[in-house]
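J.: Here is a sequence together with a model predicted from it:
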Amino acid sequence: MAPPNDSLGTVILNLEKLGKKADDTNRRIEEMQQSIQRNTDGHSSMTALKPSMEDKVSNLQNSVYDLQKKIDLFIHEIPSKRKGEEDHKILEASTPAHLGAAAYAETSGQNGHRDDNNNRSVGAGVVTTLVPSPVKVVLGETKRTQFSGMDWQLRTGWMWKYSRETYNTATESLPTNYYGTKHVTKALLPLLQSSSDGRIVNISSGFGLLRFFRSEELKQELNDADNLTEERLDELLDTFMKDYEAGALEARGWPAEFASYKVAKAAVNAYSRIIARRHPALRINCAHPGYVNTDMTRNLGFLTPEEGAKNVVKVALLPAGGPTGAFFAMGKEASFL
């Protein structure tokens with residue numbers, strides 16, 4: 001008998017189906033891109049077909065983005081479905097990667113030392129440098145090598161079954177994901193202002209969208225690009241941490257699961273809009289690169305590191321006079337909500 005619609009089993013099953021569909025679509029994209037390259041190089045008769053073939057690739061990429069949004073919604077349900085489950089094997093994650101998979105900035109080896117072999121992905125070294133130990137994995141008798149034998153469904157289910165966020169991890173998540181971005185931006189602004197076409201692209205996440213906030217008042221204030229100030233934004237984050245410590249996140253309308261990551265990325269979006277308003281000569285935007293297949297996501301992502309990087313670089317290379325203070329998802333301008 002099929003599990004009831006509101007069961008964790010159904011959510012995981014839906015995730016598996018969507019994941020396989022996204023994988024299949026990405027394979028089709030890769031095959032079409034190879035076909036375009038193979039059939040148009042030196043063949044003038046095929047060159048005329050290139051635009052239509054590229055349009056098909058673009059449509060498939062949009063399909064993957066739509067699938068990722070659906071996956072995001074299902075992943076958001078998982079913690080509530082398994083609420084109350086307790087186990088001694090805990091994954092404490094202060095920085096879940098885009099669309100929900102836990103980020104592995106640092107993992108414990110048998111002797112308690114970081115295993116550098118698990119940090120080969122693009123950006124992992126940066127995260128490890130900036131964050132001493134925000135992510136700790138206690139596997140008990142489970143060997144890390146067993147993940148390589150798990151399919152998409154099993155790995156996703158394991159990740160979320162043993163995922164917990166605490167106030168302590170939140171105290172590390174905000175400095176890493178928001179204040180770090182803010183301080184680096186401020187340090188580099190003088191250099192950018194000396195350029196005739198300075199660009200800033202802050203890395204954001206689908207989890208930074210304001211739809212995860214339950215308070216309409218918070219949504220409106222964070223979305224008020226014309227009036228929100230940096231000082232007020234920092235005040236809101238201070239309030240968030242106080243509410244977190246007091247166990248009042250739900251009552252005050254903050255995001256639910258992985259609240260600190262969502263709030264931090266929403267703050268990055270808001271800060272990007274604030275400085276874009278303050279420095280109109282610069283192009284300042286934020287970008288969600290997509291759910292990238294790296295060691296940091298335990299290879300659960302649907303995009304290669306090159307594809308994820310391309311989505312960010314595309315924003316950095318927008319034509320002069322292009323949008324500023326905008327949010328881009330998978331290389332396309334999107335809503336902050």
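T.: Perfect, I can see it now.
J.: From residue 27, how far out is residue 21?
T.: 11 Å (CB to CB, to the nearest Å). The C-beta positions use only the backbone N, C-alpha and C, and glycine is treated the same way.
J.: Of the two, which one has the most company?
T.: residue 21 (16 against 10; other CB atoms under 10 Å).
J.: Now do the strand or helix carrying the more buried one, average pLDDT.
T.: Using DSSP states H and E, residue 21 sits within helix 8-40. Across helix 8-40, pLDDT averages out at 67.
J.: ok, now stretch 255-274?
T.: 92.
J.: Flag every buried residue along stretch 307-323.
T.: Neighbour-count burial for stretch 307-323, with 16 or more other CB atoms under 10 Å as criterion, is recorded at 307-308, 311-312, 314-315, 318.
J.: Just the terminal-to-terminal distance for that stretch.
T.: 22 Å (CA to CA, to the nearest Å).
J.: now what about it, what contacts it?
T.: With CB atoms under 8 Å, 6 or more residues apart in numbering as the test, stretch 307-323 has contacts from 122, 197, 199, 201, 203, 283, 285, 287-290, 292, 301, 303, 328, 330-331, 333.
J.: again, but for stretch 182-190
T.: Against stretch 182-190 from outside (CB under 8 Å, 6+ apart): 200, 202, 271, 275, 279.
J.: Including distance to residue 213, neighbour count and secondary structure, could these go into a markdown table?
T.: As requested, the contacts of stretch 182-190 are arranged in a markdown table below (distance: CB to CB, whole Å; neighbours: other CB atoms under 10 Å; DSSP: H, G, I helix; E, B strand; the rest coil):
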| residue | distance to residue 213 | neighbour count | secondary structure |
| --- | --- | --- | --- |
| 200 | 24 | 22 | strand |
| 202 | 19 | 22 | strand |
| 271 | 16 | 22 | helix |
| 275 | 22 | 19 | helix |
| 279 | 27 | 16 | coil |
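J.: Which pair of those spans the longest distance?
T.: 202 and 279 (13.5 Å; CB to CB).
J.: so residue 239, which of the three states?
T.: helix (DSSP: H, G, I helix; E, B strand; the rest coil).
J.: and the residue nearest to it when sequence neighbours are not counted, what is it in contact with?
T.: Spatial nearest neighbour of residue 239, excluding adjacent residues (CB to CB, 6 or more residues apart in numbering): residue 252 at 7.8 Å. Contacts for residue 252 (CB under 8 Å, 6+ apart) come out as 215, 239, 243.
J.: Of the residues you listed - the most surrounded one?
T.: Among the contacts of residue 252, the one with the most neighbours (other CB under 10 Å) is residue 243, at 17 neighbours.
J.: Could you find the lowest-pLDDT member of the contacts of residue 252?
T.: Across those, the smallest pLDDT goes to residue 215, namely 90.
J.: then stretch 29-39 to CSV, C-alphas only?
T.: Extracted as CSV, the C-alpha positions of stretch 29-39 are listed here (Å, rounded to 0.1, in the frame of the first residue of the first chain):
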residue,chain,number,x,y,z
ILE,A,29,21.2,19.1,-22.1
GLU,A,30,24.7,17.7,-22.2
GLU,A,31,23.9,15.6,-25.3
MET,A,32,22.4,18.5,-27.1
GLN,A,33,25.3,20.8,-26.3
GLN,A,34,27.7,18.2,-27.6
SER,A,35,25.6,17.8,-30.8
ILE,A,36,25.5,21.5,-31.4
GLN,A,37,29.3,21.6,-31.1
ARG,A,38,29.8,18.6,-33.2
ASN,A,39,27.4,19.5,-36.0
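J.: Going by neighbour count, which residues of stretch 230-250 are buried?
T.: 233, 236-237, 240, 243-244, 249.
J.: likewise stretch 201-214?
T.: Neighbour-count burial for stretch 201-214, counted by 16+ other CB under 10 Å, picks out 201-210, 212-213.
J.: least trustworthy helix or strand in this protein by mean pLDDT?
T.: helix 124-130 (a mean of 29; mean pLDDT, DSSP states H and E).
J.: on that earlier part again, return the subset of the buried residues of stretch 201-214 lying in strands.
T.: For these, the ones inside strands are 201-203, with DSSP state E as the criterion.
J.: got CSV for the residues you listed, with pLDDT and distance to residue 31 too?
T.: CSV is the format used below for these (pLDDT from 0 to 100; distance: CB to CB, whole Å):
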residue, pLDDT, distance to residue 31
201, 94, 30
202, 93, 33
203, 91, 29
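J.: how does the protein divide into domains?
T.: Following automatic domain parsing, one gets these domains for the chain: 8-81, 91-164, 167-334.
J.: ranking those domains by mean pLDDT, which is last?
T.: Ranked by mean pLDDT, the domains of the chain bottom out at domain 91-164, with a mean of 38.
J.: Keep only those of the buried residues of stretch 230-250 that are in helices.
T.: 233, 236-237, 240, 243-244, 249 (DSSP state H).
J.: quick check, nearest of the residues you listed to residue 263?
T.: Comparing these against residue 263 with CB to CB places residue 240 closest, at 5.4 Å.
J.: any idea how far that closest one is from residue 24?
T.: Residue 240 is 40 Å from residue 24, by CB to CB.
J.: what's the answer for residue 285, then?
T.: Residue 285 is 31 Å from residue 24, by CB to CB.
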